[in-house]
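S.K.: I would like to see how this sequence folds:
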Amino acid sequence: MYIIMIFIAGAFLVQMGLGYLQIKHFTKAYTEMRKIGKVAIGKRPGKLRAGTIVFFAINNSGKILKAKKMQGVTVMAKFRDLNGFTDKNIKTIQEEDMKHCNKLLKLAILDAANNYKIIMSGGEIPEKNSLFKNMMVKAEKVVSIKK
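M.R.: Predicted structure coming up:
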């Protein structure tokens, strides 16, 4: 029994350490992009497939100066340059601009463009519920129906 508990605790510590390294890498990439210009961030979390995050460094007119992506299933995923978007305007990204991208990357790019449009128009990006929050909302509905 103690061996199982030690194994679980060890796995938890390793996961925590690797997560810390990924957050550190995220912060470094964001800081690098922020030095170039405003940063539009798009994400497409993966539940069973690879999660994807994109950064676009943008000037005041919406022109993309640099693009980076992080895509992967594990905490070992790193940011890499995203080619094909430099000098395009984030407000006018179209399907043909993303023909070299996979489906999850396209969705993250569209999310970044949408986030940029919302922020630049003075809006606020709505926060998406986590898996746990969705479960709580469903449980509250079930309880309220039974009453």
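
S.K.: show me where pLDDT drops low in the chain?
M.R.: For the chain, applying pLDDT under 70 flags the ranges 47, 146-147.

S.K.: rerun that using 80 as the cut-off
M.R.: For the chain, applying pLDDT under 80 flags the ranges 46-50, 73-76, 126-134, 142-147.

S.K.: beyond the longest helix along the chain, next helix or strand please.
M.R.: Using DSSP state H, we find that the single longest helix of the chain is helix 2-36. Using DSSP states H and E, the helix or strand that follows helix 2-36 towards the C-terminus is strand 38-44.

S.K.: mind listing residues that contact that next one?
M.R.: With Cβ atoms under 8 Å, 6 or more residues apart in numbering as the test, strand 38-44 has contacts from 30, 33, 51-60, 90, 104-105, 107-116. Every residue, glycine included, has its C-beta placed from N, CA and C.

S.K.: and those, which of them are buried?
M.R.: 30, 33, 51-58, 90, 104-105, 107-113, 115-116 (16 or more other Cβ atoms under 10 Å).

S.K.: circling back to that earlier point, compute the inter-axis angle for the longest helix of the chain and strand 38-44.
M.R.: Here helix 2-36 runs at an angle of 140 degrees relative to strand 38-44 (axes from the mean of the first three to the mean of the last three Cα atoms, to 10 degrees).

S.K.: in helix 2-36, what counts as buried?
M.R.: Those would be 22, 25-26, 29-30, 33, for helix 2-36 by 16+ other Cβ under 10 Å.

S.K.: out of those, which comes closest to Gly72?
M.R.: Gln22 (9.5 Å; Cβ to Cβ).

S.K.: on that earlier part again, with distance to Thr86 added, can I get the buried residues of helix 2-36 in TSV?
M.R.: Listed next are these as TSV, based on distance: Cβ to Cβ, whole Å:
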residue	distance to Thr86
Gln22	26
His25	22
Phe26	21
Ala29	16
Tyr30	18
Met33	13
